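> no sequence on hand, only this structure:
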């Protein structure tokens, strides 16, 4: 587990954005290899607490090693969607900060046997939690043509979804990642380098469905804000437009919940803002970080603070 590869993206921006109190309670909902978590734990005293959550057993094992020098940490194998239950089990009513680093980790991409990457041949798996039943194989080979087209178009924003799916249907059963890559490449016309790897969007779409990455994200953000102490912060890093759109929309709705018609001279619905948005525009990695870690290039960090009312 020492080889768990995890380059914490926007590390300084996250720790600064959380405005960490030494005696506070902070939850890293995607602990990964423990990079962000270690930076948070460094700023806590003996009264502080870092709770690290991840659904990937390999991540929990790696974070345990990374964080072993700290005595103010707890690691829990779960999904951040279950945050209310996690805190209830720990008898914690509210936290001083939440961090979510969404998407797939470098370790998961680089683990050749887990099927996340289009660079190596592996069984079509893509499960972050290997205890789950549904794999990429089940989706690629079991879903209807219409369902697959919808998945690739909505979750991968793949303009050639129909062509790719027709090739997939004709080639079933599709068993490995490189077999799927070959099918995708055969379905696409020449695409410029700026479009990225031909399989990138399809793999993203299938992975999102396998791991239910977007289904409960909005509700999770809402739950975390409700579980924040006044002036507590929430920091969320997203890596593609679908995630970022949900984060942006959720923050905006909680910062300005008024439902009164624009023609009304003042608010009569009585809905009060829950947060103030700290980062009006998403925070992006600088040139030095993207040069050192190219996978950080698409990262966007958004930060909000719980109001005291």
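Done, it's in. This one's a predicted model, so the numbers in the text were calculated from it and none came from an experiment.
> in which helix or strand does residue 234 reside?
Assigned by DSSP states H and E, residue 234 falls within strand 228-238.
> list the buried residues for the helix or strand that that strand is followed by?
Later in the chain than strand 228-238, the nearest helix or strand by DSSP H and E is helix 241-255. Judged by neighbour count (16 or more other C-beta atoms under 10 Å), helix 241-255 contains these buried residues: 242, 243, 244, 246, 247, 248, 250, 251, 253, 254. Glycine gets a C-beta too; all of them are placed from N, C-alpha and C.
> can I get those residues in TSV including pLDDT?
Converted to TSV, the buried residues of helix 241-255 look like this (pLDDT from 0 to 100):
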residue	pLDDT
242	94
243	95
244	97
246	97
247	98
248	97
250	97
251	97
253	95
254	97
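> tell me the angle the strand holding residue 234 makes with helix 241-255.
160 degrees (axes from the mean of the first three to the mean of the last three C-alpha atoms, to 10 degrees).
> what is the mean pLDDT for strand 228-238?
Strand 228-238 carries an average pLDDT of 98.
> now swap in stretch 149-165 and tell me
Computed over stretch 149-165, the average pLDDT equals 96.
> who's in contact with it?
139, 143, 145, 148, 183-184, 187-189, 201-206, 208-209, 214, 241-242 (C-beta atoms under 8 Å, 6 or more residues apart in numbering).
> show me how this protein divides into domains.
The record's domain split for the chain, according to automatic domain parsing, is 11-103+214-306, 112-210.
> how far away from the center of its chain is the shortest one?
On the basis of C-alpha atoms, centre = their mean, to the nearest Å, domain 112-210 is displaced by 19 Å from the centre of the chain it belongs to.
> give me the neighbour count for residue 295.
16 (other C-beta atoms under 10 Å).
> swap in residue 308?
Residue 308 has 7 nearby residues by other C-beta under 10 Å.
> likewise for residue 275?
Around residue 275 there are 24 residues (other C-beta under 10 Å).
> contacting residues around it?
So residue 275 contacts 225, 234, 251, 254, 255, 304, 305, 306, 307 (C-beta under 8 Å, 6+ apart).
> rerun that using 6 Å as the cut-off
Contacts of residue 275 were listed using C-beta atoms under 6 Å, 6 or more residues apart in numbering, and they are 225, 254, 255, 304, 306.
> in the sheet, who's paired with it?
residue 306 (DSSP bridges).
> just residue 176 next, same as before
Going by DSSP bridges, residue 176 forms beta bridges with residue 123.
> how far away is it from residue 134?
According to C-beta to C-beta, to the nearest Å, residue 176 and residue 134 sit 18 Å apart.
> over to residue 54?
19 Å.
> neighbour count: these two, which is higher?
Set residue 54 next to residue 134 and count neighbours by other C-beta under 10 Å: residue 54 wins out with 28 against 14.
> show me what contacts the more buried one?
Residue 54 touches 31, 60, counting by C-beta under 6 Å, 6+ apart.
> just residue 237 next, same as before
9, 101, 299, 301.
> with residue 60 instead?
Here residue 60 is in contact with 54, 75, 77 (C-beta under 6 Å, 6+ apart).
> still on that earlier bit, among the contacts of stretch 149-165, which ones are buried?
Buried, going by 16+ other C-beta under 10 Å: 139, 143, 148, 183-184, 187-188, 201-206, 208-209, 214, 242, out of the contacts of stretch 149-165.
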